[in-house]
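Novice: what's the 3D shape of this:
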Amino acid sequence: MGTNMLEVCHISKVYQNHKTALDDISFSIPYGHIIGLVGENGAGKTTLLKSIMGILAADSGNIFLLGEKYTPQRTAIWEKIGVCLDESCIPIQFHAMDLNLIMSHVYNQWDTNLFYSLLDRFSIPKKKRVGEMSKGMKSKFSFSLALAHHPQLLVLDEITSGLDPSSRKDILSILLDFIQDERHGVLLSSHTTNDLERIADYIIFLVHGRVGLSIQRDTLMDQYKVIRFSQNDLKPLETCDCITYYIQSGQVNALVSDSARFISANKIDHYVEDKVSIDEVLVMLNWEKTV
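Specialist: This next block holds a predicted model:
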């Protein structure tokens, strides 16, 4: 077993309207880890997930799953991947018992007992049709489907969006249990960044189709800081420790990797030092640096 269960290497995608959706994207998912994927609407998250799954053909680049180059023709790999995309493609006339029968013929390792136990855990009736489910119930139903064939890799898009706190906590707990097996991994795209701050090992920030920052969560939360100081004190910045900055209402807001060194190098006397959140980092990476 190699180091990474998923490797995305220089993936690019340009749509017919000449809009660049993905621009030379590269990252990897080590075994036994949860990777959080964040970005503003239109940043390319869904395009990236569909490219990884072979639903959408990338224009260039390669994807390696479980150590082997992935192509849509390699259907056997789907046995090892569980997918929940934000756009549900489950036929609305089906209920759990229908899908249990279908999936038992699709996946060699389909586990009816696990599927039904997850539905019970999420209080989803086995004879309730998909078209009659709320958005949150559909998310939990899709999540149960994704887990029930014992995948190694989970690719999840907005799986906790619209869920009540109890259901969100339940899903996060399942994901943490899932990666206790070091052969497993999770790629989790979410706007609910509080969830990622709780469970993700690494965070990938997508900015206009590019990787703006890829970093361990603990490093980001513990070491990175936002330094705020007056624009009047702004000189040509020594930017060796500055990831990005913006100016608003006469105040400079700088995201830095080493606050003490940044402050010393720029001789800043009056400042405020704040901890970061994933939300604020995302805003800062997208903010135009205009005075």
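Novice: helices along the stretch 151-291 of the chain, start to end?
Specialist: 165-178, 193-199, 217-223, 259-266, 278-286 (DSSP state H, counting those that start in this stretch).
Novice: pairing partners for the helix-or-strand element of the chain with minimal mean pLDDT, with directions?
Specialist: None of the helices or strands of the chain scores lower by mean pLDDT, DSSP states H and E than strand 68-69, at a mean of 82. Strands adjacent to strand 68-69 in the sheet, as given by DSSP bridges, are strand 60-65 (antiparallel).
Novice: how about R121: what's its closest non-neighbour residue?
Specialist: Leaving aside its chain neighbours, R121 sits nearest to D170 (6.8 Å; criterion: Cβ to Cβ, 6 or more residues apart in numbering). To be clear about C-beta, it is placed using only N, CA and C from the backbone, and glycine gets the same treatment.
Novice: of the helices of the stretch 151-291 of the chain, which is nearest T47?
Specialist: helix 278-286 (17.2 Å; Cβ to Cβ).
Novice: how about that closest one as CSV, C-alpha atoms only?
Specialist: Provided in CSV are the C-alpha atoms of helix 278-286 (Å, rounded to 0.1, in the frame of the first residue of the first chain):
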residue,chain,number,x,y,z
ILE,A,278,-11.5,28.6,7.8
ASP,A,279,-14.3,31.1,6.8
GLU,A,280,-12.0,34.1,7.3
VAL,A,281,-9.1,32.5,5.4
LEU,A,282,-11.4,31.8,2.5
VAL,A,283,-12.6,35.4,2.4
MET,A,284,-9.1,36.7,2.5
LEU,A,285,-7.9,34.4,-0.3
ASN,A,286,-10.7,35.7,-2.5
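Novice: which elements pack onto that helix?
Specialist: Helices and strands touching helix 278-286, by 3 or more Cβ pairs under 8 Å, 6 or more residues apart in numbering; DSSP states H and E, are strand 34-39, helix 193-199, strand 202-207, strand 210-216, strand 242-248, strand 251-256.
Novice: go again with 6 Å.
Specialist: helix 193-199, strand 202-207 (3 or more Cβ pairs under 6 Å, 6 or more residues apart in numbering; DSSP states H and E).
Novice: pLDDT below threshold where in the protein?
Specialist: 1-2, 72-75, 86-88, 236-239, 288-291 (pLDDT under 70).
Novice: mind putting the helices and strands packed on helix 278-286 into JSON lines with mean neighbour count and distance to S123?
Specialist: Formatted as JSON lines, the helices and strands packed on helix 278-286 follow (neighbours: other Cβ atoms under 10 Å; distance: least, Cβ to Cβ, whole Å):
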{"stretch": "helix 193-199", "mean neighbour count": "18", "distance to S123": "20"}
{"stretch": "strand 202-207", "mean neighbour count": "23", "distance to S123": "31"}
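Novice: ok, which of those comes nearest H10?
Specialist: strand 202-207 (15.0 Å).
Novice: and that closest one, what does it pack onto?
Specialist: Right, strand 202-207 is packed against strand 34-39, strand 210-216, helix 278-286 by 3+ Cβ pairs under 6 Å, 6+ apart.
Novice: out of the ones you listed, nearest to Y15?
Specialist: Short answer: strand 210-216, nearest of these by Cβ to Cβ, at 15.8 Å.
Novice: show me what the closest one is packed against.
Specialist: strand 202-207.
Novice: contact partners of the strand it packs on?
Specialist: With contacts defined as Cβ atoms under 6 Å, 6 or more residues apart in numbering, strand 202-207 is touched by 27, 35-39, 43-45, 212-217, 282, 285-286.
Novice: same thing but at 7 Å, please
Specialist: Where contact means Cβ atoms under 7 Å, 6 or more residues apart in numbering, the residues beyond strand 202-207 that reach it are 27, 33, 35-39, 43-45, 196, 211-217, 220, 278, 281-282, 285-286.
Novice: so I34 touches I199, yeah?
Specialist: Yes - checked against Cβ atoms under 7 Å, the pair I34 and I199 is within contact range at 5.5 Å.
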